[in-house]
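A.B. asks: A structural model of the following input is requested.
(chains A, B, C and D)
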There are 2 protein chains.
Amino acid sequence: MNKKRLEIKALAFLVYGYVMLYQTSSMFDLLLTNIAKYIHLTEEEKVTFVACLKPIQIKRKQFVLNEGEICRNSVFVNNGCLRGFTVDKNGIEHVLSFAPPGWWIADMYSLISQKPGILNIEALEDTEALILSKAGQEKLYHEIPKFERFFRILTENSLVANQQRIIDNMSLTAEERYSIFCKRYPTLIDHLPQKQIASYIGVTPEFFSRMRAEMVRKKK
Amino acid sequence: MNKKRLEIKALAFLVYGYVMLYQTSSMFDLLLTNIAKYIHLTEEEKVTFVACLKPIQIKRKQFVLNEGEICRNSVFVNNGCLRGFTVDKNGIEHVLSFAPPGWWIADMYSLISQKPGILNIEALEDTEALILSKAGQEKLYHEIPKFERFFRILTENSLVANQQRIIDNMSLTAEERYSIFCKRYPTLIDHLPQKQIASYIGVTPEFFSRMRAEMVRKKK
DNA sequence: TGCATTTCTTAATCTACATCATGTTTTCCA
DNA sequence: TGGAAAACATGATGTAGATTAAGAAATGCA
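C.D. replies: Model prediction:
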């Protein structure tokens, strides 16, 4: 009798474990799917990887990183949206990047050098994310060298996008840059406050507002 | 007698081989030294690596890559200087990057996607360089996975520099951007035609010329 | 060495976008 | 749910840098 009870208990625990696994796994699905586009992970490797991740919740307007701090994590967004921005000597903010679901964000300079950074990272809405510490990332490089490949590819893609942005900033008008933004990030447009988009494409909110009115006028 | 002749011949060939190795090795020194900062290669791996490289000579004003072509190589500069630039719809050139000795250059977008690119790469002076084909690079990733790490780090550094440039373009005046350029690339300043620097920092040659005169005037 | 080409300079005028100011609409949260 | 804060719109004016033009200096190459 005693033994049977133990068995039942053990079974219940197992079931509970599976349920937990099943439930919480959804939190890693988006990231694992993204990774699968570039490298193949065994189930065991997935477990090792997931063990390096820590889920966090960030309230709207809350900061994940402040300028002057050392960036110790990469952040992968599951829900919501983050922004990375700097503040210039006149107190004006400049958006370097948005991180909607499926995107990574960090202060790359600070993360690499482990010196104080210049980036602020803030939630534009309530956000669920996973963080991967620098230590965790280096552990991954050691234990599963395929991750070198994954992050190389990720970084390459990011570099290409940033180079294109430099070229666009040098050779296009604000209006053209905005059109490109709309095409490239259609989901962000209705989501984001105008002033954030204005800051990203590199104009003042006032000019952006006028420009949009102008564009509507033209189309008629 | 016949045998001895053969031995001498073999010895001569060996000596010749070493001399060749010694002479030509200087051509790879800069690159191997750079790599050694990030990963350790065995002598055997060095040989494998060097076998993937092909030396080229580029005359001043000659193009290594034209927009519209598919970029099939990364180029590492030993001597001289290359520039990567785009031409906008008004025919104005915009310099995305310079490649002085010790630097890599390529149309990253095209190299990754193997689609026609938008970058022109041209020699600003007679240049000696090494090219690593995309195929060669992928062979390296397979045979010596450490190269995943090397190129990841290279790409990360490049990404950081490009992000900083985006921020600078959004938050600084042309004069400030020029000051930063002077500090960051002191060797390039006396080397490069002014109009190339103007194009890199994102102003016209006329404005750049006036700006510099202005800066001299101020300092007195 | 000299001449053609490219690069640099300087000046007048123009424009895309910034700044300042003020009112209106939307959003948030107590 | 209502009132404060944030976001957006619009007008008047200012400015960094572009454009056009034309001459002077430097450079490359036959």
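A.B. asks: which residues in chain A form strands?
C.D. replies: Under the criterion DSSP state E, chain A contains strands at A:53-58, A:63-65, A:73-79, A:82-87, A:93-99, A:104-105, A:120-123, A:127-133.
A.B. asks: can you tell which of the ones you listed is closest to chain B?
C.D. replies: Relative to chain B, the nearest member of the strands of chain A by C-beta to the nearest C-beta is strand A:93-99, separated by 4.4 Å. Yep, even glycine has a C-beta here, placed from its N, CA and C like the rest.
A.B. asks: tell me what the closest one is packed against?
C.D. replies: Contact here means 3 or more C-beta pairs under 8 Å, 6 or more residues apart in numbering or on different chains; DSSP states H and E; on that basis strand A:93-99 packs against strand A:82-87, helix A:194-201, helix B:146-171.
A.B. asks: if you set the cut-off to 6 Å instead, what comes out?
C.D. replies: strand A:82-87, helix A:194-201 (3 or more C-beta pairs under 6 Å, 6 or more residues apart in numbering or on different chains; DSSP states H and E).
A.B. asks: and chain A, which residues reach DNA strand C?
C.D. replies: Within chain A, the positions near DNA strand C by C-beta under 7 Å from any atom of the strand are A:60-61, A:90, A:92, A:173-175, A:202-204, A:206-207, A:211.
A.B. asks: possible to save these as JSON lines with pLDDT?
C.D. replies: Formatted as JSON lines, those follow (pLDDT from 0 to 100):
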{"residue": "A:R60", "pLDDT": "93"}
{"residue": "A:K61", "pLDDT": "94"}
{"residue": "A:N90", "pLDDT": "92"}
{"residue": "A:I92", "pLDDT": "96"}
{"residue": "A:T173", "pLDDT": "96"}
{"residue": "A:A174", "pLDDT": "97"}
{"residue": "A:E175", "pLDDT": "96"}
{"residue": "A:G202", "pLDDT": "97"}
{"residue": "A:V203", "pLDDT": "98"}
{"residue": "A:T204", "pLDDT": "97"}
{"residue": "A:E206", "pLDDT": "97"}
{"residue": "A:F207", "pLDDT": "97"}
{"residue": "A:M211", "pLDDT": "96"}
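A.B. asks: Give the ChimeraX command for selecting the buried subset of these.
C.D. replies: A single ChimeraX command selects the buried members of the residues of chain A next to DNA strand C (16 or more other C-beta atoms under 10 Å in any protein chain shown):
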select /A:174,175,202,203,211
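A.B. asks: Filter the residues of chain A next to DNA strand C down to the ones in helices?
C.D. replies: Among those, the residues falling in helices (DSSP state H) are A:A174, A:E175, A:E206, A:F207, A:M211.
A.B. asks: Now do the contacts for the fourth one.
C.D. replies: The one in question is A:F207. With contact set as C-beta atoms under 6 Å, 6 or more residues apart in numbering or on different chains, A:F207 has no partners.
A.B. asks: So it versus chain B, what's the distance?
C.D. replies: 14 Å (C-beta to the nearest C-beta, to the nearest Å).
A.B. asks: and if you look at the second one?
C.D. replies: When C-beta to the nearest C-beta is applied, the distance between A:E175 and chain B equals 14 Å.
A.B. asks: Report pLDDT for A:F13.
C.D. replies: pLDDT for A:F13: 47.
A.B. asks: can you pull the contacts of A:I118?
C.D. replies: When contacts are counted by C-beta under 6 Å, 6+ apart, A:I118 touches A:E67, A:T86.
A.B. asks: Recalculate using a threshold of 10 Å.
C.D. replies: By C-beta atoms under 10 Å, 6 or more residues apart in numbering or on different chains, A:I118 lies in contact with A:E67, A:G68, A:F85, A:T86, A:V87, A:L96, A:D107, A:Y109, A:S110, B:Q163, B:Q164, B:I167.
A.B. asks: Could you point out which of these is nearest to DNA strand D?
C.D. replies: The closest of these to DNA strand D turns out to be A:F85 (C-beta to the nearest atom of the strand; 12.5 Å).
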